[in-house]
Structure formats: C-alpha cells, structure tokens
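1. how would this look folded up:
(4 chains)
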2 protein chains.
Amino acid sequence: MLTIDLDDSTPLYLQVSQGIQRAIAGGALRVGAKLPSVRQLAGDLAINLNTVARAYRQLEEQGLVRVRQGRGARVASDLVSGDRSAAEADLRRSLAQVFSEARLAGLDRMVVERAARACLDDLEATKERK
Amino acid sequence: MLTIDLDDSTPLYLQVSQGIQRAIAGGALRVGAKLPSVRQLAGDLAINLNTVARAYRQLEEQGLVRVRQGRGARVASDLVSGDRSAAEADLRRSLAQVFSEARLAGLDRMVVERAARACLDDLEATKERK
DNA sequence: GCCAAGTGTATCACTGTATGAGACACTTGC
DNA sequence: GCAAGTGTCTCATACAGTGATACACTTGGC
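-> Modelled structure (predicted):
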C-alpha cells in the first residue's frame, strides 16, 4: 500500500507521511487503526527507523496520528486542524502548479480534467464501504 | 506576477522557476519573450542573483528557456520534452496527494471540484487573447 | 578598436536538512 | 522481574540551498 521511490527527490520521511495521509484520506486507514511499528515499516521499506519515526512525528503534529512510546502509533483523526479558507488557498496554489506542469508537458485540457475526476473518484471509493 | 514566500519551505529557486513555468503555461510569457536579468529579478524579489540563475538554468534544462551569457534569457518553448504517459502518471500522483490533503483539511468534494475547474479556467484565460 | 555597462557563470563558504547507526527509555505480558 | 516489543534521543555524515564575490561574455557608443 505504501511505496518508496529512492529516485524521487522528495525526502523519504515525506514520502512515508504523505503515503499514510493518502491512506487515511482514502479510508484505507480508519480512525483507531494501528500503524505498523517504526521498525516493521522501516524494514519493509528498507529505510532507517528514524526516518519512519520522523514521519510519524510529523503526522502527530498534524493531529492525524497519536504516538505513544512503548505502545505504537494509531490513527487519531481523519481531519487536520486549521481554517478552511487557508486550506482552500493552498489547494488552489498547488493545483495551479500541477495543472501548469501538465499543460507544459503537452497534456490536453480534457486529459487533465479526466485525470482529476478519476483521482477524486478513487479517493471516495474506499471510503464508501463502511 | 511572481512572488516569493520566505515562510514556504519550497526552495527559493524552485519558487522562481515554478512561477515562470506558470507564466509560460498561462500565456503571460510567450515564446521569444525576454526574461528579466538575474540581477533585476533577484533585486525585485530581494534574493541572491545565484538563486535566480539557478532557476533559469533549470528552466533551460527543461527546454523552456534559452540562456546565453552576456545576452540574457528568453522563452524558448511552451512545451517540455518527455513522453506523455509519464507526464500523465506524474499528474495523477500529484493530484492524489493534493486532493488527499484537501479532504483531510475538511474541504468538501464539491469545493475541491470547483477549485479545480477554476484553476483550469484561469490557465486558459490569458492564453486565448492572442 | 576600445571600453563601459549590462548580462550570465563559476567558486567558495556557510547553514540547515535528511538520513543512518547505535544507545536509551517506556509498556506490556508472561 | 524480565524479555520482547515499542518509540526516542544523540551523534555523525552527506548533501542541498543560499549568498558574497570575482570572473567571462556581449553589446553599443565613441
């Protein structure tokens, strides 16, 4: 469910935390679910346990995960705090960049629209099966 | 047209190159247009000229800009090379992350859809006026 | 032809971030 | 009480980002 790409310039700890974010947003990880231990996940991904620990700490700062020494980490929420309008502004900034890159790469507007719809659908898909 | 946010963790040189990318994708900068000199832009943005130079060099590697010593930099193309299917895969990865973050921030699916459509429209807006 | 002004380039130093190795501390169950 | 499992801390290293400064190329006016 979670993969790491060493060629990607995105820091490993971010690849990990973002992967878990997506799993939570998509419903693959529900509130209360236990995350693998830092050693377990580090072993699976063939990276250092500190790197996983850092990802967990970041998720805890966002309030998505609750980490307790000796006990492991669990999903604490599927909603981060912070005001909506700021989030919407961030969303627009991100989308403007992503769409620009897609168009520069020669992707047609229709292709981009279809990809966007597909991604949104994927996100809801798992969520529905409650 | 181009702004720099020191609080944003995105490297300055990337903020610069991405801003120019967006300007090219949106049509604000047409092929052949001259970019400000590295000193000029660095002065405007209150950053080091090397940082701007690095952004220009990156844009040149992508083939979007042509830089010549002593002569300045011009927009060389509004299309980067590379195959479409890879670009589409990248697009999907990026969108999956951006949408996940938006939903975690509590944004409704409809709000996200509306933002996406608005961003796409903005992108085409300037382009039309030829 | 020369030179001043404008342009990008190269080098060096400094700082902070990312990653990893290893030791430490807490919790649980037997 | 203790062994096994869990997260945390500290230290070291490598590299990326940024800036100051000096260098090299191009153009235009004379």
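
2. so which bits of the helix or strand harbouring A:Thr126 are buried?
-> Using DSSP states H and E, the element containing A:Thr126 is helix A:109-128. Along helix A:109-128, the positions that meet the burial threshold by neighbour count (16 or more other Cβ atoms under 10 Å in any protein chain shown) are A:111-112, A:115-116, A:119-120, A:123. For every residue, glycine as well, the C-beta is placed using N, CA and C.

3. try stretch A:27-37
-> For stretch A:27-37, the buried set under the neighbour-count rule, 16+ other Cβ under 10 Å, comprises A:27, A:29, A:35-37.

4. now do the contacts for A:Arg30.
-> Contacts were defined as Cβ atoms under 8 Å, 6 or more residues apart in numbering or on different chains; by that measure A:Arg30 touches A:75, A:78.

5. just the strands in chain A please.
-> Here chain A has its strands, by DSSP state E, at A:65-68, A:72-75.

6. of all these, which lies closest to DNA strand C?
-> With Cβ to the nearest atom of the strand as the measure, strand A:65-68 is the member of the strands of chain A nearest DNA strand C (6.3 Å).

7. and the closest one, does that touch DNA strand D?
-> Yes: if you take Cβ under 7 Å from any atom of the strand as the test, strand A:65-68 does meet DNA strand D, through A:67-68.

8. check which helices and strands that strand sits against.
-> Packed against strand A:65-68, as judged by 3 or more Cβ pairs under 8 Å, 6 or more residues apart in numbering or on different chains; DSSP states H and E, are the following elements: helix A:49-61, strand A:72-75.

9. could you report the neighbour count for A:Met1?
-> A count of nearby residues for A:Met1, using other Cβ atoms under 10 Å in any protein chain shown, gives 9.

10. how much space between it and A:Ile24?
-> Shown here: A:Met1 relative to A:Ile24, a distance of 12 Å by Cβ to Cβ, to the nearest Å.
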